[in-house]
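1. return atomic coordinates for the entry below.
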Amino acid sequence: MTIPEYSWQGTKTGDITLPAVFSVARHDDVIARALRFISNSARESIANTKKRGEVAGTGKKPWRQKGTGRARQGSTRSPQWVGGGVAFGPTPERNWATRLNKKMRQLALVSALSAKAADGEMIAIQAMPAELTKTNQVAKALASLPVAKKRLLIAGDVSEALLLTTRNVPGVQVTPGYLLNLHDVITAKQIVLMPGAAERIQVTWGPKIATKRLTAAPAAKTTVKKTTAVAEAPADSVDVSPAGEE
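-> Predicted coordinates for the structure are as follows:
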C-alpha cells in the first residue's frame, strides 16, 4: 500500500510505502461494534425519576378499605395516582457500558486505518520546518494541502512545538501513533501521517492484531486412518467340523 507524500508548501514529493498494518482486510462489523462500545462507555445516564418512596405526599390511606364502592387504595403516592411515583423509571445509576475484547478493538482500529488508506483518505507529509512557529503559518501550510476540512495529524512523537502551533487551528487534531482512537480515525475526513508515524503504528498495533481474522483460512487437515492388520489363523488350526461330529 502506497500513499502520496507532500511538503509543507503543498507540492507532491513522491509516494511512500506503508507497513503491513495498513493492508488489513476491512471488517465493517467489527468497526461498528467497536464504535458502539466507545459511545456506550462514554454515555452518561442523566434521566431520573422518583419512586413512590421518594415523591412528596402523605402516607395516610385515602379511604377505608371496604364499604365505599371504590377500588381499595393504600397511598396517594402509588404509581397509578397523578403526582405519584414512577414504576420502573430511569435512574442515574444505570450503566450503559458494554464489553468488547481487546483483540476486536485493536482489529477495528487497524481495519479502519487500512480502509482510509485504500479509499485515498490518507496522505503523508514531510518533517515540519523549524521556521513554522506560529499558528497562522501552520494553518496556511495545512490549507495548501489537498486535504479535507477535518484532519487528523498522526505523529510518531508529538513535540511541544507541534502541539502549540496546531491546537487552535480549526478542524485539526494531533495525536501520537501509540494513542490512536477509533472514533478519531473514523470521523476524520483525511488522515495525515507525519514522519515516523507509520513506523510507530506498526510497532504499537501491528503485533497485537488478531491474526486469525487477517490470514486466509488454513488448509483442511488430511487425516490418515490407521488400519490394523488382523492376523489370519492357519487353516489347519481351525476346527470347522459340525457339532457332535468327530
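2. and the gap between the residue positioned nearest the centre of the chain and residue 97?
-> Nearest to the geometric centre of the chain sits residue 34, at 2.6 Å (Cα atoms, centre = their mean). Residue 34 sits 14 Å away from residue 97, going by Cβ to Cβ, to the nearest Å. Using the backbone N, CA and C atoms, a C-beta is placed for each residue, glycine as well.
3. what's the first helix or strand after the helix ranked longest in the chain?
-> As assigned by DSSP state H, the longest helix anywhere in the chain is helix 102-118. Next helix or strand after helix 102-118 toward the C-terminus (DSSP states H and E): strand 122-125.
4. right, and residue 63 touches residue 73 too?
-> Yes: at 6.8 Å, residue 63 counts as touching residue 73 under the criterion of Cβ atoms under 8 Å.
5. picking that back up, for the longest helix of the chain, enumerate the helices and strands it packs against.
-> helix 28-42, helix 182-187, helix 197-205 (3 or more Cβ pairs under 8 Å, 6 or more residues apart in numbering; DSSP states H and E).
6. tally up the residues packed near the nearest residue to the residue nearest to the centre of the chain once chain neighbours are set aside, please.
-> Computed as Cβ to Cβ, 6 or more residues apart in numbering, the closest residue to residue 34 that is not its neighbour in sequence is residue 108, at 3.6 Å. Residue 108 is flanked by 25 other residues according to other Cβ atoms under 10 Å.
7. which residues are in contact with residue 108?
-> Contacts for residue 108 were tallied using Cβ atoms under 8 Å, 6 or more residues apart in numbering; they are 27, 30-31, 33-35, 182.
8. what's the distance between it and residue 65?
-> 61 Å.
9. doesn't residue 146 lie inside a strand?
-> No: applying DSSP: H, G, I helix; E, B strand; the rest coil, one finds residue 146 to be coil, outside a strand.
10. tally of neighbours for it?
-> When counting by other Cβ under 10 Å, one arrives at 10 neighbours for residue 146.
11. pull the contacting residues for the nearest residue to residue 104 once chain neighbours are set aside.
-> Once flanking residues are discounted, residue 104 sits nearest to residue 30: 5.6 Å by Cβ to Cβ, 6+ apart. Going by Cβ under 8 Å, 6+ apart, residue 30 touches 104, 107-108, 111, 213.
12. straight-line length of stretch 55-69, end to end?
-> Start to finish, the residues bounding stretch 55-69 are 28 Å apart (Cα to Cα, to the nearest Å).
13. tell me the buried residues in that stretch?
-> Neighbour-count burial for stretch 55-69 flags residue 55 (criterion: 16 or more other Cβ atoms under 10 Å).
14. stretch 8-22 now?
-> Neighbour counts using 16+ other Cβ under 10 Å place 8, 18, 21-22 of stretch 8-22 among the buried residues.
15. any low-confidence regions in this structure?
-> 147-148, 207-246 (pLDDT under 70).
16. at 80 instead, please
-> Counting by pLDDT under 80, the low-confidence segments of the chain come to 146-149, 207-246.
17. CA atoms only: put the helix or strand residue 16 falls within into PDB for me.
-> Remark: residue 16 resides in strand 12-17, with elements defined by DSSP H and E. Listed next in PDB are the C-alpha coordinates belonging to strand 12-17 (Å, rounded to 0.1, in the frame of the first residue of the first chain):
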ATOM      1  CA  LYS A  12       3.800  16.400  -4.000                       C
ATOM      2  CA  THR A  13       7.300  15.000  -3.400                       C
ATOM      3  CA  GLY A  14       6.600  11.300  -4.200                       C
ATOM      4  CA  ASP A  15       5.000   8.200  -2.700                       C
ATOM      5  CA  ILE A  16       5.800   6.200   0.400                       C
ATOM      6  CA  THR A  17       5.100   2.600   1.100                       C
END
